[in-house]
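**Student:** Whatever this is, show me its structure:
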Amino acid sequence: MTATEKDKNAPSDFMVQAAITYGCILLWIFLSALVIMVNKYVLAYAGFPFPIALTLTHMAFCAGLAFLIIKAGFVAPVNMDTRTYCRNVLPIAALFSGTLWLGNAAYLYLSVAFIQMLKATMPVTVFLTGVFLGTEKYSLMYALNMMVVAVGVGTASYGELNFNLVGAIFQAGSIVTESFRLCLIQLLLQASGIKLNPVTTLYYVAPACFAFLCIPFTFLELPRMLRPDTDPATAAVTEEAGLPVGWLMLSAVSAFALNMSVFVLIGRSSALTMNIAGVLKDWLLIMLSVVLYQSPVAGLQLFGYGIAFLGVCWYNYQKLKGAQQTLKSSPPPMDQESKPLLSDGSTGNGQKL
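**Tutor:** Next up, the predicted model:
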């Protein structure tokens, strides 16, 4: 092929690659929304008010498929001895178990729309946790930015028409445990040179999460499932609906597919693109919550979330700008490929490991 022919084909190749990239982003948005909306339906409407059991099905399904994928040779495993696994992976798995359990439990009490608004506090808790653990440096600008986000979320909470303190506590607990998990990933895994993609993460973390979740499940939910008569409200719902096997499988498959979409998307997008996609997904979930579940959203609530949204956007912009300056000041070696920057998302943006 001559240079002229290559130049002619360049625009079409660019369009094809762009179409694939944005197709992957749309798939990620769709799967993230699907996991959250299905989980809400299973827990609040399908007669299965057992968030720990739901999370256990996710962990069992994802761990099993990840095991098959690695054993089949599609993805190479990471060499990790028992000591490294216990010191570096198990603490992260324990925190992730709490994130998933508490986050799913919040769906029993709060609307999807309000939960998405509360999740806007994630940068605040990650920043505070990072300062506490030493992974972030205190900055007055960031602190003021976090205050804006906190005021916005506080206003949205004040405007929530169906506010439930128990649900808010569950969601706050999920956000806090996720913040510590993200910081520990940086402290334990990255500092040790351990690199896990979504498949190997499921392979190593999901079984540990399953084991950790079995403890509260045994004491909190298993007795209620075996003897529903001890909880009249649960008995009435579960006997009428039966076990939603189809919905549970859809939820587990969607959670695994979401992790695989992240695996595909990591090499095809920048952090800025991912953050914009995440913002679009949050607004989409609020709209779907109103349309599908008739969640009431007040004007004051939207106003508060708008303030928090602007604060989060500015925070992400500052973080990306700082990361780009760091990359420019320390360019990678010539024998390594330059990979796009991808911020580590939270489970709150879907059941992502």
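**Student:** give the contact list for the closest residue to Ile185 other than its chain neighbours.
**Tutor:** For Ile185, ignoring the flanking residues on the chain, the nearest one in space by C-beta to C-beta, 6 or more residues apart in numbering is Ile92 at 6.2 Å. Every C-beta, even on glycine, is put in place using the N, C-alpha and C of the backbone. Taking C-beta atoms under 8 Å, 6 or more residues apart in numbering as the contact definition, Ile92 lies against 181, 184-185, 188-189, 205.
**Student:** Give me the secondary structure label for Ser295.
**Tutor:** coil (DSSP: H, G, I helix; E, B strand; the rest coil).
**Student:** Also Ala60?
**Tutor:** Quick answer, by three-state DSSP: Ala60 is helix.
**Student:** In terms of pLDDT, where does it sit?
**Tutor:** pLDDT for Ala60: 96.
**Student:** Contact partners for it?
**Tutor:** 206, 210, 252.
**Student:** Also Ala120?
**Tutor:** 149, 152-153, 156, 282, 305, 308-309, 311-312.
**Student:** before we move on, what about Gln318?
**Tutor:** 141-142, 145.
**Student:** just Ile307 next, same as before
**Tutor:** Applying C-beta under 8 Å, 6+ apart, the residues contacting Ile307 are 148-149, 151-152, 155.
**Student:** how about these in a markdown table, adding neighbour count, secondary structure and distance to Ser261?
**Tutor:** Below are the contacts of Ile307 laid out as a markdown table (neighbours: other C-beta atoms under 10 Å; DSSP: H, G, I helix; E, B strand; the rest coil; distance: C-beta to C-beta, whole Å):
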| residue | neighbour count | secondary structure | distance to Ser261 |
| --- | --- | --- | --- |
| Val148 | 17 | helix | 32 |
| Val149 | 23 | helix | 27 |
| Val151 | 14 | helix | 34 |
| Gly152 | 23 | helix | 29 |
| Thr155 | 20 | helix | 33 |
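**Student:** If you rank the contacts of Ala60 by neighbours, which is first?
**Tutor:** Greatest neighbour count in the contacts of Ala60, by other C-beta atoms under 10 Å, goes to Ala206: 25 neighbours.
**Student:** Which of the three states applies to that one?
**Tutor:** Ala206 - assigned by three-state DSSP - is helix.
**Student:** and the residue nearest to it when sequence neighbours are not counted, how many residues sit next to it?
**Tutor:** Excluding the flanking residues, the one nearest Ala206 by C-beta to C-beta, 6+ apart is Ala63, at 3.7 Å. Number of residues near Ala63 (other C-beta under 10 Å) recorded here: 20.
**Student:** Phe256 too?
**Tutor:** 25.
**Student:** What strand or helix carries it?
**Tutor:** helix 245-265 (DSSP states H and E).
**Student:** In this structure Pro51 contacts Leu43, no?
**Tutor:** Yes. Here Pro51 lies in contact with Leu43, judged by C-beta atoms under 8 Å, at a distance of 6.0 Å.
**Student:** Quick check: neighbours shared by these two?
**Tutor:** Jointly contacting Pro51 and Leu43 under the rule C-beta under 8 Å, 6+ apart are 104, 107-108.
**Student:** Name the nearest of those relative to Val264.
**Tutor:** Asn104 (25.2 Å; C-beta to C-beta).
**Student:** roughly how far apart are the nearest residue to that closest one once chain neighbours are set aside and Phe96?
**Tutor:** Leaving aside its sequence neighbours, Asn104 sits nearest to Pro51 (C-beta to C-beta, 6+ apart; 3.7 Å). Using C-beta to C-beta, to the nearest Å, we find Pro51 at a distance of 14 Å from Phe96.
**Student:** Equivalent analysis for Ser174, please.
**Tutor:** Remark: distance between Ser174 and Phe96 (C-beta to C-beta) = 10 Å.
**Student:** mind checking which helix or strand of this protein has the lowest mean pLDDT?
**Tutor:** helix 232-241 (a mean of 54; mean pLDDT, DSSP states H and E).
**Student:** show me the contacts for Ala33.
**Tutor:** 281, 284-285, 288, 350 are the contacts of Ala33 under C-beta under 8 Å, 6+ apart.
**Student:** still on that earlier bit, in a markdown table: the contacts of Ile92, plus neighbour count.
**Tutor:** Below are the contacts of Ile92 laid out as a markdown table (neighbours: other C-beta atoms under 10 Å):
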| residue | neighbour count |
| --- | --- |
| Arg181 | 23 |
| Leu184 | 20 |
| Ile185 | 20 |
| Leu188 | 17 |
| Leu189 | 17 |
| Val205 | 22 |
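**Student:** Now intersect those with the strands, please.
**Tutor:** Nothing among these maps onto strands, per DSSP state E.
**Student:** Quick check: which of these has the minimum pLDDT.
**Tutor:** For the contacts of Ile92, the pLDDT minimum is Leu189, 79.
**Student:** number of nearby residues for the nearest residue to that one once chain neighbours are set aside?
**Tutor:** Leaving aside its sequence neighbours, Leu189 sits nearest to Asn88 (C-beta to C-beta, 6+ apart; 5.9 Å). Counted with other C-beta under 10 Å, the neighbours of Asn88 add up to 20.
**Student:** mind listing what Asn88 touches?
**Tutor:** Neighbouring residues of Asn88 by C-beta under 8 Å, 6+ apart: 188-189, 192, 194.
**Student:** from those residues, which two are the most distant?
**Tutor:** By the measure C-beta to C-beta, Leu188 and Ile194 form the most distant pair in the contacts of Asn88, at 8.0 Å.
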